[in-house]
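J.: my questions are about this predicted structure, shown below with the sequence.
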Amino acid sequence: MLRSAALAFLSLACPPVLARAEDAAHTEFEATTLQLSAAGEAHAAPDIASINVGVETLAPTAAQALHENSAQMSATIAALKAQGVAARDIQTSGLNLNAQYVFHDGEARKLTGYQAANTVTITVRDLARLGATVDAVVGAGANQINGVSFSLSDPQHAEDEARRAAVKALEAKAALYADATGYRLARLVSLSDGGGQGSPVRPMMLSASRKLSATPTEPGEMDVVVTVNAVYELKK
């Protein structure tokens with residue numbers, strides 16, 4: 001009988017508890033809320049550079065084009081290592097061998113030779129040696145340099161600084177909206193990180209078809225931007 005009485009008590013107690021939970025959820029759903037997003041920005045000097053370095057060769061036969069290309073690329077890689085670029089910072093990003101043709105109206109296409117191309121992407125971690133590295137690879141046989149870009153090896157500090165700026169901007173925006181609508185900020189309901197991105201300096205395009213000497217390079221400054229999203233509850 002005691003067990004039956006206890007079960008009866010629990011069955012009577014449960015409905016009010018559920019009712020209170022439903023009322024709380026309903027009240028929160030009907031609360032006046034403000035949804036906002038804001039961005040924060042930080043500035044940092046980049047400390048690494050990435051470059052695409054390539055060798056293109058033309059020859060009457062495919063074997064000759066590839067052989068000449070391999071010799072020039074081997075010399076280019078040796079020059080990179082001599083400039084202090086580590087093997088782990090040199091990665092092949094393209095290797096192509098294509099037949100070359102000429103076309104004339106009314107005539108069949110004519111084979112003129114073969115083009116071999118080999119491209120490596122390199123990371124230069126000592127920006128003071130970037131110009132000298134460019135000069136060295138061109139002197140060794142590289143004839144294509146494209147897309148020099150700068151970045152941060154460790155962006156954490158700049159991202160955290162941007163997050164703080166984003167939260168500060170978010171709080172100011174929330175206060176403005178609350179004041180403009182005649183409300184006050186009751187509480188911060190949720191806060192989420194919308195992610196960040198770096199805006200590197202404009203990539204530099206170099207043509208290595210002629211000899212370069214003391215190639216100038218300017219890493220400039222990067223903008224690191226982080227966005228935050230928030231929901232505030234408002235009260236009259």
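T.: Done, it's in.
J.: state the phi and psi torsions of S74.
T.: Geometry field for S74 lists phi and psi as phi -60, psi -40, criterion degrees, to the nearest 10.
J.: contact partners for it?
T.: The contact partners of S74, by CB atoms under 8 Å, 6 or more residues apart in numbering, come to none. In this view, the C-beta of every residue, glycine as well, is placed from N, C-alpha and C.
J.: next one: it from Q115, what distance?
T.: S74 sits 18 Å away from Q115, going by CB to CB, to the nearest Å.
J.: now do E159
T.: Taking CB to CB, one finds E159 at 43 Å from Q115.
J.: what about these two, which has more around it?
T.: E159 (21 against 17; other CB atoms under 10 Å).
J.: am I right that that one falls within a strand?
T.: No - going by DSSP: H, G, I helix; E, B strand; the rest coil, the assignment for E159 is helix, not a strand.
J.: and the pLDDT at E221?
T.: For E221, the pLDDT comes out at 87.
J.: low pLDDT regions in this structure?
T.: Applying pLDDT under 70 to the chain picks out residues 1-29, 196-214.
J.: can you list the domains in it?
T.: 30-45+154-201+221-236, 48-151 (automatic domain parsing).
J.: ok, which of the ones you listed comes nearest T215?
T.: In terms of CB to CB, the element of the domains of the chain nearest to T215 is domain 48-151, at 4.4 Å.
J.: end to end on that closest one, go ahead and measure it.
T.: With CA to CA, to the nearest Å as the measure, the ends of domain 48-151 fall 6 Å from one another.
J.: on that earlier part again, now the domains of the chain as a markdown table including distance to T215?
T.: Shown next, in a markdown table, are the domains of the chain (distance: least, CB to CB, whole Å):
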| stretch | distance to T215 |
| --- | --- |
| domain 30-45+154-201+221-236 | 16 |
| domain 48-151 | 4 |
